[in-house]
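Asker: Structure for this input, please:
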Amino acid sequence: MKTMNARLSVMMFLQFFIWGGWFVTLGTFLATGLGASGGQIGLAFSTQSWGAIIAPFVIGLIADRWFNAERILAVLHLLGAVLLYQLYRAPDFAAFYPYVLAYMVAYMPTLALVNSVAFRQMQDPAREFSRIRVWGTIGWIVAGVVISMVFAWDSAQGIAGGALRNTFLMSAIASLLLGLYSFTLPATAPVQASGERQGLRQVLGLDALGLLKDRSYLIFFLASILICIPLAFYYQNANPFLAEIGVANPTAKMAIGQVSEVLFMLLLPLFIARFGIKIALLVGMLAWVLRYVLFAYGSGGEQVAMLLIGIALHGVCYDFFFVCGQIYTDAKTPERFRSSAQGLITLATYGLGMLIGFWVAGKVTDHYASAMLHDWQSIWLFPAGFAAVVLVGFCLMFRPEPPVPAAMNGREQPR
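Answerer: Predicted coordinates for the structure are as follows:
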């Protein structure tokens, strides 16, 4: 079991090293390296959402039906290595955009695939998954440290010299490694026999949509979409915000969020067992409100501590909503389409919610921009207020359920 966990941990490390290796600094690179506007930056970030929307169909059509998940994972990451290299070579936004769109269509299904591979090797996912998933967070941290502290690509001098372009080359190499490594992962065969007769609904992986008939899961699904609108502001604006107000080593400082994610990832199973799913999800949403308020009133000078606390809240924001939601989804889903269900929640979070969120973030950012500066307080107060509304609505509408760990130990669906 220890050997298996180590192999899955390496998979998670590389999976998120790749993403953290270029995505955090994307907004800064596009603005300074390619001269992109706020709307164009939002367009580039929204490619993540298009990939997430397509992901459930890829997973439902292939991983749950015909081919081993680890083999699909390998092929997608090898293709991703080629596309990331093309991003490294792109001379302008017009050339950059088609490649980033193609890359995200290839990458986003892999988020559900690594979860599927990991869950299928576990007896008690509620206890075991956090210990594996935490290595993905460590991979994201290492990528940020390499960018800021090892190569200083995000320093004022590095940005001026176009060094942020190297992040795509670094990620391409990591994607190549994970693509090759994925062929060695445990066989994760389709649950449904390939010879079984299937209707169109089954072939497209739409079985997982049956989860939405459950009122509690429907409320969770809708909340996942809505809370990702403010999340898009963080992904799109946090690094340019820190760089613009003069915070040193912004990418490395953003890795503080991933350090806290490691801590809270390990605490999450205990918290769910003690307080239940609803409280965990509410704490995650509350953390988004607090974070954006801190960003709105913090600064690169005397109030820099407020910014660092806001960044450190990332562990609560991400783990207590998104990882908790992945565990909740796995517990609610029959085994025959668990991969499809993970793709469905990817659609809700990184797909629909953030597609809307990146568009809104681009519009809001451009609205409060003047010359090369931004009214960051107004920009950050918008997602703070939005997250607060989602928090109140979810608190009132989501019905308490039995603790997930107890249900999952018996592999039963929570009611």
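
Asker: for this structure, what spans make up the strands?
Answerer: Remark: strands assigned in the chain by DSSP state E are 369-370, 373-374.

Asker: Where does pLDDT dip in the stretch 251-400 of the chain?
Answerer: 336, 339, 343, 400 (pLDDT under 70).

Asker: Distance check, Trp288 against Asn68.
Answerer: 37 Å (Cβ to Cβ, to the nearest Å). The C-beta positions use only the backbone N, C-alpha and C, and glycine is treated the same way.

Asker: and these two? which has more neighbours close in?
Answerer: Ranked by neighbour count (other Cβ atoms under 10 Å), Trp288 and Asn68 place Trp288 first, with 27 against 19.

Asker: Now for that one: which residues touch it?
Answerer: Ile227, Pro230, Leu231, Cys317, Pro383, Ala384, Ala387, Leu391 (Cβ atoms under 8 Å, 6 or more residues apart in numbering).

Asker: list the contacts for Leu313?
Answerer: Gly257, Ser260, Ala287, Leu290, Arg291, Leu294.

Asker: Run through the residues that contact the spatially closest residue to Phe45 that is not a sequence neighbour.
Answerer: Leaving aside its sequence neighbours, Phe45 sits nearest to Phe358 (Cβ to Cβ, 6 or more residues apart in numbering; 4.4 Å). Residues near Phe358 by Cβ under 8 Å, 6+ apart: Gly42, Leu43, Phe45, Ser46, Gln48, Ser49, Ala232, Tyr235, Gln236.

Asker: Let me know the closest of those residues to Thr32.
Answerer: Proximity of the contacts of Phe358 to Thr32 (Cβ to Cβ) peaks at Gln236, which lies at 14.6 Å.

Asker: still on that earlier bit, with respect to Ala6, which of the strands of the chain lies nearest?
Answerer: With Cβ to Cβ as the yardstick, what comes closest out of the strands of the chain is strand 373-374 (44.4 Å).

Asker: Neighbouring strands of the closest one in the sheet, and parallel or not?
Answerer: strand 369-370 (antiparallel) (DSSP bridges).

Asker: can you give me how far the strand it pairs with is from the chain middle?
Answerer: 29 Å (Cα atoms, centre = their mean, to the nearest Å).

Asker: Any chance you could list what contacts that strand?
Answerer: Gly38, Asp375.

Asker: which residue ranges form the helices in the stretch 1-150 of the chain?
Answerer: Secondary structure of the stretch 1-150 of the chain, counting by DSSP state H, counting those that start in this stretch: helices at 2-20, 26-33, 38-45, 47-58, 69-89, 93-119, 125-145.

Asker: Quick one: list the elements packing against the third one.
Answerer: When you say that, I think you mean helix 38-45. helix 26-33, helix 93-119, helix 215-244, helix 354-367 (3 or more Cβ pairs under 8 Å, 6 or more residues apart in numbering; DSSP states H and E).

Asker: In it, which residues are buried?
Answerer: Residues Gly38, Gln40, Ile41, Gly42, Leu43, Ala44, Phe45 are the ones in helix 38-45 that count as buried (16 or more other Cβ atoms under 10 Å).

Asker: got a markdown table for these, with pLDDT and distance to Asp154 too?
Answerer: Putting those into a markdown table (pLDDT from 0 to 100; distance: Cβ to Cβ, whole Å) gives the following:
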| residue | pLDDT | distance to Asp154 |
| --- | --- | --- |
| Gly38 | 81 | 19 |
| Gln40 | 92 | 20 |
| Ile41 | 91 | 16 |
| Gly42 | 87 | 21 |
| Leu43 | 92 | 22 |
| Ala44 | 95 | 17 |
| Phe45 | 92 | 17 |
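
Asker: ok, so of those residues, who is nearest Thr349?
Answerer: Using Cβ to Cβ, the buried residues of helix 38-45 come closest to Thr349 at Phe45, 14.1 Å.

Asker: The closest one is in contact with Trp22, isn't it?
Answerer: No: using Cβ atoms under 8 Å, Phe45 is not in contact with Trp22, being 12.0 Å away.

Asker: Show me where the stretch 201-350 of the chain has its helices.
Answerer: Per DSSP H, counting those that start in this stretch, the stretch 201-350 of the chain carries helices over the ranges 215-244, 250-275, 277-297, 304-312, 314-318, 324-332, 338-346.

Asker: other SSEs contacting the fifth one?
Answerer: If I follow you right, that is helix 314-318. Contact here means 3+ Cβ pairs under 8 Å, 6+ apart; on that basis helix 314-318 packs against helix 250-275, helix 277-297.

Asker: Quick check: which helices or strands does the longest one pack against?
Answerer: In this case it means helix 250-275. Using 3+ Cβ pairs under 8 Å, 6+ apart: helix 250-275 touches helix 125-145, helix 215-244, helix 277-297, helix 304-312, helix 314-318, helix 324-332, helix 404-409.

Asker: residues of it that come out buried?
Answerer: 250-262, 264-265, 268-269, 271-272.

Asker: residues contacting the residue most central in space within the chain?
Answerer: Centroid-nearest residue in the chain: Tyr350, 6.5 Å away (criterion: Cα atoms, centre = their mean). Counting by Cβ under 8 Å, 6+ apart, Tyr350 touches Gln48, Ser49, Gly51, Ala52, Met108, Leu111, Cys228.

Asker: So which of those residues sits lowest on pLDDT?
Answerer: Across the contacts of Tyr350, the member with the lowest pLDDT is Ala52, scoring 77.

Asker: closest one to Ala6 among the helices of the stretch 201-350 of the chain?
Answerer: From the helices of the stretch 201-350 of the chain, taking Cβ to Cβ, the stretch that ends up closest is helix 250-275, at 16.9 Å.

Asker: if we can go back for a sec, most packed of the helices and strands packed on helix 250-275?
Answerer: When you average the neighbours per residue for each of those (mean count of other Cβ atoms under 10 Å), helix 314-318 leads with a mean of 25.

Asker: Ser130 and Leu268 touch, don't they?
Answerer: Yes: under the criterion of Cβ under 8 Å, Ser130 makes contact with Leu268 at 5.4 Å.

Asker: joint contacts of the two?
Answerer: In contact with both Ser130 and Leu268: Val323, using Cβ under 8 Å, 6+ apart.
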